[in-house]
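Q: the sequence isn't on hand, but the structure is:
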């Protein structure tokens, strides 16, 4: 990832095949706070996604509280919905990350039925 950033790659460019962004791909592979911090430093779009999960959906899948906090601080939409209407809160509940789901509710996230 670092080599691509240094070479001037567009960190918000989505793949043609599925709309996945570098942030979503990196989080799927590592769900690492360092990835979010580095991409945030080069002005990533924390809400960008195609039919693939948003960065918040990926963080909800893994239950990464620090990643979500960083994404929220960068302006992530807590209620971003996928094509099927699923929200990050819905993803957390689907994967039984109940403590994580509670944290999302406390900061104002809605489920797909509540939107």
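A: Sure thing, it's come through. Since the model is a prediction, treat every value here as computed from it, not as a measurement.
Q: so what's the residue positioned nearest the centre of the chain up against?
A: Centroid check for the chain by CA atoms, centre = their mean gives residue 55 as the closest residue, at 1.2 Å. By CB atoms under 8 Å, 6 or more residues apart in numbering, the contact set of residue 55 is 21, 23, 24, 27, 36, 46, 47, 49, 71, 76. Placement of C-beta: from N, CA and C, glycine included.
Q: farthest pair within those?
A: By the measure CB to CB, 36 and 49 form the most distant pair in those, at 14.7 Å.
Q: neighbour-wise, which of those two wins?
A: Each of residue 36 and residue 49 has its neighbours counted (other CB atoms under 10 Å); residue 36 has more, 27 against 24.
Q: which strand or helix spans the closest residue to that one other than its chain neighbours?
A: Once flanking residues are discounted, residue 36 sits nearest to residue 70: 4.7 Å by CB to CB, 6 or more residues apart in numbering. Residue 70 is located in helix 65-73, with elements delineated by DSSP states H and E.
Q: per-residue confidence averaged over that helix?
A: Average pLDDT, helix 65-73: 84.
Q: which other helices and strands contact that helix?
A: helix 33-41, helix 55-62, helix 98-106 (3 or more CB pairs under 8 Å, 6 or more residues apart in numbering; DSSP states H and E).
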